[in-house]
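J.: Following is a predicted model, sequence given first.
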Amino acid sequence: MSICNKIKFNNDMVCVGDLRFKISLYTRSIVAPNMLANQATEFTEDFTLLGNFWSAIKIVDGIKLFDNISLNKDNPTHLFYIRYKQGITQENWLKYNSYNYKILKVENLSERSKFLKLYCAISGEEAKDGSKI
C-alpha cells in the first residue's frame, strides 16, 4: 500500500473589488549623452508610460528610508496585484503616491493569466535623485 503526502497549495485569491489603488507602470530606458553636442556627459533615464492600472496593495516588510530614499532596494517591501497584462517584467518600474517602486519579480497567479503579483521594493520619492538607479 502506498502512502500519499498531501501537497498544500498557496491559493492567492484576488477579487476585482480588491483593486482599489491607481498605479502607473513605466518602461525605463537609459539615454546615452550626445558627446558631439558638448552636452552633459551623464547618462539620463527616460520613463515611458505603459499605462495606469487598478491595483491591490499589500505591505510585506518595513520600509527603511533615509531622506525619503530607500535603503532596502533588494528586498520586496510591497506586493501589487493587477489584472494580467502581457509583457510586464522586472525591467518595468511602478509609481504610486509619488514613490518609485522597482519590480523585483513578476508572478502570473496560478498560471491562469488573470492576475499578476508584482514583488516590488520602494525606491524613494520621485523628486529625489537618489531614488533613481
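T.: Perfect, thanks for sending it.

J.: tell me the contacts of the spatially most central residue of the chain?
T.: Of all residues in the chain, the one closest to the mean position by CA atoms, centre = their mean is I103, 3.1 Å from it. For I103, the contacting residues are 88-94, 118-120, by CB atoms under 8 Å, 6 or more residues apart in numbering. C-beta coordinates here come from the backbone N, C-alpha and C atoms, glycine included.

J.: would TSV of those with neighbour count be doable?
T.: TSV is the format used below for the contacts of I103 (neighbours: other CB atoms under 10 Å):
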residue	neighbour count
I88	20
T89	9
Q90	13
E91	11
N92	19
W93	21
L94	24
L118	25
Y119	19
C120	25
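
J.: Could you list which of the residues you listed belong to strands?
T.: 92-94, 118-120 (DSSP state E).

J.: which two from the residues you listed end up farthest apart in space?
T.: The widest separation within the ones in strands among the contacts of I103, taken as CB to CB, falls between W93 and Y119 and amounts to 13.4 Å.
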